[in-house]
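Q: How does the following fold in three dimensions:
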Amino acid sequence: MDFHEILKKYLPFLKQYWIPLSLGFFGLIFFAYGLISLMDKPNPEASGLIFESANSDASSGVKSNEAKIMVDIEGGVIKPGVYSLATSARAQDALIAASGLSNDADRNWVEKNLNLASKLVDGQKIYVPKLGENKTSLSAGSQDVVSNSSGININSASLQALADSLPGVGPATAQKIISGRPYSAIEELLSKKIVTEKVFGQIKDKIMVF
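A: Predicted coordinates:
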């Protein structure tokens, strides 16, 4: 069967259904084009790119509704002032917020007395003395209060300050005091079983909380 016979046989069919056949033909063309475009589209994972939501907690680092505490840091720091920090903040976080120690800060005192790992409490004051400053004149709100009539703040004093200044308290007990922070009253040393009644009787007039 030659071309003319095939044309003569199917020409009536083509004339009758030429519209749907044309639509089907063009549809196949568009489908093939779309399939080729999809295959050529780059894979984000294959290229090493990872897309994440801009407002995710991972990108912000801090939850917007996280509770805060206010801490006052003064003395030998670059930017002294009152800062809003997370409730889990440590003394080191306060120093970072204040842009670190100033050039005239007494770094030797900081190394010996300032416990950077101590947990902060709301309303706490940290005072970093400057070189040549009289350390015994530090206010009662300082991070470590050793020689002060108000006593030692068990919420912020360093392990060395606790062990050296409180009778019956050695390094092990001082570490237990630090681990039990924060305290709302000195009596919590007993309720939390940090010290014995005997030791508490010896130190109750020498300690304080704020």
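Q: would you say V82 is within a strand?
A: Yes. Per DSSP: H, G, I helix; E, B strand; the rest coil, V82 lies within a strand segment.
Q: What residues are bridge-paired with it?
A: For V82, the beta-bridge partners under DSSP bridges are D72.
Q: For it, give me its contacts.
A: M70, V71, D72 (CB atoms under 8 Å, 6 or more residues apart in numbering). For the C-beta atoms, the positions are set from N, CA and C on the backbone; glycine is no exception.
Q: any idea which of the residues you listed has the most stuff around it?
A: If you count neighbours using other CB atoms under 10 Å, the busiest of the contacts of V82 is V71, which has 23 neighbours.
Q: Would you check how far apart that one and I207 are?
A: 21 Å (CB to CB, to the nearest Å).
Q: Quick check: can you list the domain ranges of this protein?
A: According to automatic domain parsing, the chain comprises the domains 63-143, 144-210.
Q: any idea how far P80 lies from G123?
A: For P80, the distance to G123 - CB to CB - is 16 Å.
Q: With distance to F25 as added columns, please give the domains of the chain in JSON lines.
A: Below are these laid out as JSON lines (distance: least, CB to CB, whole Å):
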{"stretch": "domain 63-143", "distance to F25": "57"}
{"stretch": "domain 144-210", "distance to F25": "79"}
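Q: Would you reformat these as TSV and include distance to F26 and mean pLDDT?
A: Formatted as TSV, the domains of the chain follow (distance: least, CB to CB, whole Å; pLDDT from 0 to 100):
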stretch	distance to F26	mean pLDDT
domain 63-143	53	81
domain 144-210	75	83
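Q: In this protein, what residue spans correspond to helices?
A: Along the chain, the segments classed as helices by DSSP state H run 3-16, 18-40, 57-60, 91-97, 107-113, 159-165, 171-179, 188-191, 197-203.
Q: Give me the more crowded residue out of P80 and G123.
A: P80 (17 against 12).
Q: ok, that one - contacts?
A: Contact analysis of P80 by CB under 8 Å, 6+ apart lists I73, E74, A98.
Q: can you list the residues you listed in a markdown table and add distance to E187 and neighbour count?
A: As requested, these are exported to a markdown table (distance: CB to CB, whole Å; neighbours: other CB atoms under 10 Å):
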| residue | distance to E187 | neighbour count |
| --- | --- | --- |
| I73 | 29 | 24 |
| E74 | 30 | 16 |
| A98 | 33 | 23 |
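Q: From I177, how far off is A157?
A: Taking CB to CB, one finds A157 at 8 Å from I177.
Q: and what of D205?
A: In terms of CB to CB, D205 sits 16 Å off from I177.
Q: out of those two, which sits in the busier spot?
A: I177 (24 against 9).
Q: what's that one in contact with, if anything?
A: Going by CB under 8 Å, 6+ apart, I177 touches I154, L162, V169, L189, I194, V195.
Q: Save these as CSV, and put in neighbour count and distance to N115 too.
A: Shown next, in CSV, are those (neighbours: other CB atoms under 10 Å; distance: CB to CB, whole Å):
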residue, neighbour count, distance to N115
I154, 27, 12
L162, 25, 10
V169, 24, 15
L189, 24, 18
I194, 21, 17
V195, 21, 19
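Q: Which of those sits closest to G201?
A: Comparing the contacts of I177 against G201 with CB to CB places V195 closest, at 9.6 Å.
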